[in-house]
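In: here you go, sequence then predicted model.
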Amino acid sequence: MENILISKEYFNELSLKYNKLKKERELVLIQLEEAREKGDLSENADYDAAKKRLREIDAEINKNDNIIKNSTVFDPSNIEKSTVNLFAKVTLESLSNNTQVKYQLVSEAEADMSKKKISILSPLGKELLNQKIGAIISYKAPIGVLKFKILDINYE
């Protein structure tokens, strides 16, 4: 995994989640031991459930650990704030229906459409990079070519 840039907020989120998973793992190990003590493991639903949950937790811990180890927290203080860069919050106006939408450009690891965080590697993210307020951008979406005007760029 290559070194990726993440926000301080996302790093804190990952660290909290990582610590919670470690604590939950300890509890699941206790549940697993208690289930083992009940005897026959072939028909022990508690044992099977604890094993399954332990695998899920270990996978999540591994994923978070890889992201944390391979990330650098991005410091936006030295970037040009008049253009769209990583971690910019961009307000766009659709040229087809005049509606506004606001997205934040983030690394691939941090992308989450439910939070309006799009990857700089996404089609829209690529088109927005290095643009200025007033620029008209277009990109090919699954529903066709969409055009937007950049209304605002914010880094707060």
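Out: That came through, no problem. All values derive from a computational prediction rather than experimental measurement.
In: I'd say residue 150 and residue 95 touch.
Out: No. The criterion here is C-beta atoms under 8 Å, and residue 150 misses it with residue 95 at 11.3 Å. Where C-beta positions appear, they are placed from N, C-alpha and C, glycine not excepted.
In: out of the two, which sits in the more crowded spot?
Out: More crowded of residue 150 and residue 95, by other C-beta atoms under 10 Å: residue 150, with 20 against 13.
In: before we move on, the earlier item: what residues are shared contacts of residue 150 and residue 95?
Out: residue 136 (C-beta atoms under 8 Å, 6 or more residues apart in numbering).
In: name the helices or strands packed onto the lengthiest helix in the chain?
Out: Among the segments of the chain that qualify as a helix by DSSP state H, the longest is helix 8-36. Packed against helix 8-36 by the contact rule (3 or more C-beta pairs under 8 Å, 6 or more residues apart in numbering; DSSP states H and E) you find helix 45-69, strand 71-73.
In: just how off-centre is the shortest one within its chain?
Out: The gap between the average C-alpha position of strand 71-73 and the chain average comes to 13 Å, counting by C-alpha atoms, centre = their mean, to the nearest Å.
In: tell me the strands beside that strand, with direction?
Out: Strand 71-73 sits in its sheet next to strand 4-6 (parallel), going by DSSP bridges.
In: first-to-last residue distance for stretch 98-109?
Out: End-to-end distance for stretch 98-109: 31 Å, by C-alpha to C-alpha, to the nearest Å.
In: which parts of that stretch are buried?
Out: For stretch 98-109, the neighbour count (16 or more other C-beta atoms under 10 Å) marks 103, 104, 105, 106, 107, 109 as buried.
In: so the second one bridges to which residues?
Out: Partner residues in beta bridges with residue 104: residue 89, residue 117, with DSSP bridges as the criterion.
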